[in-house]
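Novice: what follows is a predicted protein model with its sequence.
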Protein chains: 2
Amino acid sequence: MTVEFICVGTEILLGSIVNTNAAYLSEKCAGLGLSCYFQTVVGDNEDRLAQVLETGMERSDIVILSGGLGPTEDDLTKEVAAKICGKELQLHQPSKKAIEKFFSDRGMEPTDNNWKQAMLPKDGIVLENPNGTAPGVIMETEKACLILLPGPPNELRPMFEESVVPYLEKLTSQVICSKTVKICGVGESKAETMVKDLIDAQENPTIATYAKTGEVHIRVTANAEDKKAAMKLIKPVVKELKNRFGNAVYSTEEECTLEKAAADLLVANDLTVTCAESCTGGLLSARLVNVPGISDVYKMGVVTYSNKAKRRLLGVKKSTLQKYGAVSVQTAEEMAKGAAGLFKADVAVAVTGIAGPDGGTEEKPVGLVYVACYVKGKAVVKEYHFAGNRDKVRESTVAAALVLLRECILEYYSAITFGK
Amino acid sequence: MTVEFICVGTEILLGSIVNTNAAYLSEKCAGLGLSCYFQTVVGDNEDRLAQVLETGMERSDIVILSGGLGPTEDDLTKEVAAKICGKELQLHQPSKKAIEKFFSDRGMEPTDNNWKQAMLPKDGIVLENPNGTAPGVIMETEKACLILLPGPPNELRPMFEESVVPYLEKLTSQVICSKTVKICGVGESKAETMVKDLIDAQENPTIATYAKTGEVHIRVTANAEDKKAAMKLIKPVVKELKNRFGNAVYSTEEECTLEKAAADLLVANDLTVTCAESCTGGLLSARLVNVPGISDVYKMGVVTYSNKAKRRLLGVKKSTLQKYGAVSVQTAEEMAKGAAGLFKADVAVAVTGIAGPDGGTEEKPVGLVYVACYVKGKAVVKEYHFAGNRDKVRESTVAAALVLLRECILEYYSAITFGK
């Protein structure tokens, strides 16, 4: 079954916003086993929207539109879609009530044009929007199935997950389930080689790899008559992947991030943690602090950008800086040990490197990074060479630091079994 | 003159990567005065690519394609475009040499399939690629002008700026210039109201507003027979905008960011700076440290996530935390003063707030943030209420902190005239 996406919005055509809805919808639909061959962006213009919608309905089974459901005159996705399908718009009382409630909950009054949002195509399946005033709607026609969703991601995503996914599963008369095996510390090409035989032999479930910075995600997707049967197909493949990648698998949970996996290990073992950062300038702390509940173990961290700061705040020795330089194994190690000692933390991660564009030498080129991880008396330092611009080097460094943090704790508590 | 974009790549259709090329090309072409009505994404498939390319050539004057110029069998953008235009591919010797040089510079050997990248359509205008092995190419046909660019952003962007912009300017037989007036600390709707009369009356130059987090950019675009004439049209409008927005204008330079504007003020006045962060967890430091050359003024910063850390590292009084709480005017002020004193900095910015999703109360809801800025003995604290999820609150907080930092320095050195 094929699906395509039409994102409606002048802001996307002007380049003011990046089209993250298309990426979100594509990934979700691929996970549901639907094939997507086209994405289109078009402005709030009746003729042009009608043109791309008609083309989409000719060539795909399902057309998902996002945007253009707002209350203003400019918003005309619903109007154009209804016209093409030969459906009238009529007032949908439950949606009108929901809009009233949305405003009264916020101590506000709806304006007259808000009622436009409650005008919905006859016979359409209405999708509730608890996060905004624009309901979504599904229109089934002989040619194709149209699904209209609001543009703001914080409205589109919950509506897709709560209302559209169950609908699509019913439509395909199959349940499609997937499980993602999240791997860190293994390069993309190595990971692909390690599962090539599985990918070559795949039928149901299918296996696909996705590269992220410092991570590889392997998604296993199966379709079957019900969830239980699909999970039965998925389970042995996930088990095989866990066997092959061992400790490099940090999670198989949809919501789990690399920083959450590291934070969970810290919390589970009651280890306090601190960070001492140079080239990443606070990004490592910021990513750890983004895990809700981290406050039990993360109390403080420092950005020591200058040599003086490394000496004063972390007690790095002047002689170390003079002899080996700020970007060195020795400095990284002293930064981690110093931070752990001064902030009385069980674990400390320190980062020092050359993010560029300036500051590189032949001996120490841009992209050279040292990460040190100290766990209860023992420090490990690793050297990395990252490619890309300043932002990319910093992002890769943060990912590497989280991977090393996780590895060091696992090693320290080698009794902890993996993959629960 | 109209332009549309066709981005070729299965990774985009799978949602593995977000289509930033489309956003980049759209913004650049809008800045050149070209009208864009469509963006399309299609996979590496001959029939489907031909279909969207033919549609694009029917309805737009210029079609820019990105991606699918790689060395593998899958990459077929050039092949499909040449076929549609009735052009043969032939070996382009200078491109072959460039590919040889690209590899030898890196101490590597090209593989056989790399020569595919030097096969270019007859009569095409070849665009050099100093950052990769795929040259771009322009094909002029009766229907439309096709511009083929490589997919990786670090190859596409320099090629667009160095080769495509001059070509498009010649094509339109007009020079199109633009200047962006970058404003901070003024909300989007207020900014729009303040320039509504200018937008309503616009002809040449045109005026468009773009909202960013904590910022509004107003782009003034003029076309004329040469650069001098275009700038003559732009200049009085930029002057008028500067008059209306005063100190809120932080730059009119393309490359200048809000953090760079703040950093430049610090460097120009020889002021050292430090940051003490709670809810932003290091993001403010990370953004400042992203400005090359910041090391002259930024030496160190701290993330004080727990109350204990605020007391121990910054000297916030226990009684202040007990009486007013960690998220309060008083705590923010003591954090900034403490950081400035302890780290011997002229300027200190402190941030404390509730980023959510948990931790909010009726009195202190999620999104409540205090930012304190201390400049040589005087501290200013501001209260903010930000909407959105945890990430959005943190991003808004960092922008607000940079705006306040800039404002406080400007106020301190009120002699500094603005807008140079």
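Specialist: Perfect, I can see it now.
Novice: where does the stretch 201-350 of chain A come near chain B, residue by residue?
Specialist: Within the stretch 201-350 of chain A, the positions adjacent to chain B are A:208, A:210-211, A:275, A:277, A:279-286, A:288-290, A:292, A:294-295, A:298-306, A:308-309, A:312-313, A:343 by CB under 8 Å from any CB of the partner chain. (Glycine included, C-beta is placed from N, CA and C.)
Novice: separation between the residue nearest the centre of chain A and residue A:131?
Specialist: The C-alpha lying nearest the average C-alpha coordinate of chain A belongs to residue A:257 (CA atoms, centre = their mean; 8.3 Å). Using CB to CB, to the nearest Å, we find residue A:257 at a distance of 22 Å from residue A:131.
Novice: go on, residue A:291?
Specialist: For residue A:291, the distance to residue A:131 (CB to CB) stands at 23 Å.
Novice: now swap in residue A:175 and tell me
Specialist: Taken as CB to CB, the span from residue A:175 to residue A:131 is 26 Å.
Novice: who has more neighbours out of the two?
Specialist: residue A:175 (20 against 15; other CB atoms under 10 Å in any protein chain shown).
Novice: wait, what's in contact with the spatially closest residue to residue A:205 that is not a sequence neighbour?
Specialist: In space, and not counting its chain neighbours, residue A:205 is closest to residue A:222: 3.6 Å by CB to CB, 6 or more residues apart in numbering or on different chains. For residue A:222, the contact set (CB atoms under 8 Å, 6 or more residues apart in numbering or on different chains) comprises A:176-178, A:204-206, A:230-231, A:233-234.
Novice: helices - which of the residues you listed land there?
Specialist: Among the contacts of residue A:222, DSSP state H puts A:230-231, A:233-234 in helices.
Novice: what's the helix or strand where residue A:400 lies packed up against?
Specialist: Assigned by DSSP states H and E, residue A:400 belongs to helix A:390-412. Judged by 3 or more CB pairs under 8 Å, 6 or more residues apart in numbering or on different chains; DSSP states H and E, the packing partners of helix A:390-412 are strand A:175-184, helix A:258-268, helix A:283-289, strand A:347-353, strand A:368-375, strand A:378-385.
Novice: surely residue A:289 and residue B:304 touch.
Specialist: No: under the criterion of CB atoms under 8 Å, residue A:289 lies out of contact with residue B:304, with a separation of 11.0 Å.
Novice: re earlier: lowest average pLDDT across the helices and strands packed on helix A:390-412?
Specialist: Here the lowest mean pLDDT among the helices and strands packed on helix A:390-412 goes to strand A:175-184, at a mean of 89.
Novice: what packs against that one?
Specialist: On a contact count with 3+ CB pairs under 8 Å, 6+ apart, strand A:175-184 meets strand A:215-224, helix A:227-245, strand A:249-251, helix A:258-268, helix A:390-412.
Novice: one more time with 7 Å
Specialist: Packing partners of strand A:175-184 (3 or more CB pairs under 7 Å, 6 or more residues apart in numbering or on different chains; DSSP states H and E): strand A:215-224, helix A:227-245, strand A:249-251.
Novice: can you point out the buried residues in stretch A:400-416?
Specialist: A:400-410, A:412 (16 or more other CB atoms under 10 Å in any protein chain shown).
Novice: swap that for stretch A:169-188, please
Specialist: Within stretch A:169-188, the residues that count as buried by 16+ other CB under 10 Å are A:169, A:171-172, A:174-186.
Novice: what does stretch A:231-251 give?
Specialist: By 16+ other CB under 10 Å, the buried positions in stretch A:231-251 come out as A:233-234, A:237-238, A:241-242, A:244-245, A:247-251.
Novice: which pair in those spans the largest distance?
Specialist: Between any two of those, the greatest separation by CB to CB is 25.5 Å, found for A:233 and A:247.
Novice: which residues sit against stretch A:316-331?
Specialist: Residues from elsewhere that reach stretch A:316-331 (CB atoms under 7 Å, 6 or more residues apart in numbering or on different chains): A:278, A:307, A:310-311, A:334-335, A:338, A:352-354, A:364, A:368, A:370, A:381.
Novice: for the nearest residue to residue A:261 once chain neighbours are set aside, give me its contacts.
Specialist: Spatial nearest neighbour of residue A:261, excluding adjacent residues (CB to CB, 6+ apart): residue A:250 at 4.0 Å. Residue A:250 makes contact with A:182, A:184, A:258, A:261, A:406 under the criterion CB under 7 Å, 6+ apart.
Novice: surely the first one and residue A:248 touch.
Specialist: No: counting by CB atoms under 7 Å, residue A:182 stays clear of residue A:248, with 9.4 Å between them.
Novice: returning to what we had before: the contacts of residue A:222: which two are farthest apart?
Specialist: Among the contacts of residue A:222, the pair separated by the greatest distance (CB to CB) is A:206 and A:231, at 14.8 Å.
Novice: and the residue lying closest to residue A:238 once chain neighbours are set aside, what does it touch?
Specialist: The spatially closest residue to residue A:238, leaving aside those adjacent along the chain, is residue A:179, at 5.4 Å (CB to CB, 6+ apart). Residue A:179 is in contact with A:220, A:234, A:238, A:252, counting by CB under 7 Å, 6+ apart.
Novice: dump the residues you listed to CSV, plus pLDDT.
Specialist: As requested, the contacts of residue A:179 are exported to CSV (pLDDT from 0 to 100):
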residue, pLDDT
A:220, 91
A:234, 96
A:238, 97
A:252, 96
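Novice: the residue nearest to residue A:370 when sequence neighbours are not counted: which element?
Specialist: Excluding the flanking residues, the one nearest residue A:370 by CB to CB, 6+ apart is residue A:332, at 3.9 Å. Per DSSP H and E: residue A:332 is located in helix A:329-342.
Novice: ok, and for that helix, which residues are buried?
Specialist: For helix A:329-342, by 16+ other CB under 10 Å, it's A:330-340, A:342.
Novice: tell me which of these is nearest to residue A:389?
Specialist: Residue A:389 lies nearest to residue A:332 out of these, by CB to CB, at 22.5 Å.
Novice: now for that closest one: which residues touch it?
Specialist: Neighbouring residues of residue A:332 by CB under 7 Å, 6+ apart: A:350, A:352, A:370-372, A:381.
Novice: top of those residues by number of neighbours, please.
Specialist: residue A:350 (33 neighbours).
Novice: surely it is in contact with residue A:335?
Specialist: Yes: with contacts counted by CB under 7 Å, residue A:350 reaches residue A:335, the gap being 3.6 Å.
Novice: quickly list what's touching both of the two.
Specialist: Shared contacts of residue A:350 and residue A:335 (CB under 7 Å, 6+ apart): A:276, A:372.
Novice: ok, which stretches of the stretch 51-200 of chain A are strands?
Specialist: Counting by DSSP state E, counting those that start in this stretch, the stretch 51-200 of chain A has strands at residues A:62-66, A:89-91, A:119-121, A:125-127, A:136-140, A:145-149, A:175-184.
Novice: what mean pLDDT does the first one have?
Specialist: Here strand A:62-66 scores 98 as its mean pLDDT.
Novice: where in chain A is pLDDT low?
Specialist: Scanning chain A for pLDDT under 70 picks out A:415-420.
Novice: ok, now which ones touch the residue lying closest to residue A:125 once chain neighbours are set aside?
Specialist: What sits nearest to residue A:125 in space, not counting adjacent residues and going by CB to CB, 6+ apart, is residue A:138, at 4.0 Å. Contact analysis of residue A:138 by CB under 7 Å, 6+ apart lists A:124-125, A:127, A:145, A:147, A:167.
Novice: any idea which of the residues you listed is closest to chain B?
Specialist: The closest of those to chain B turns out to be residue A:147 (CB to the nearest CB; 16.4 Å).
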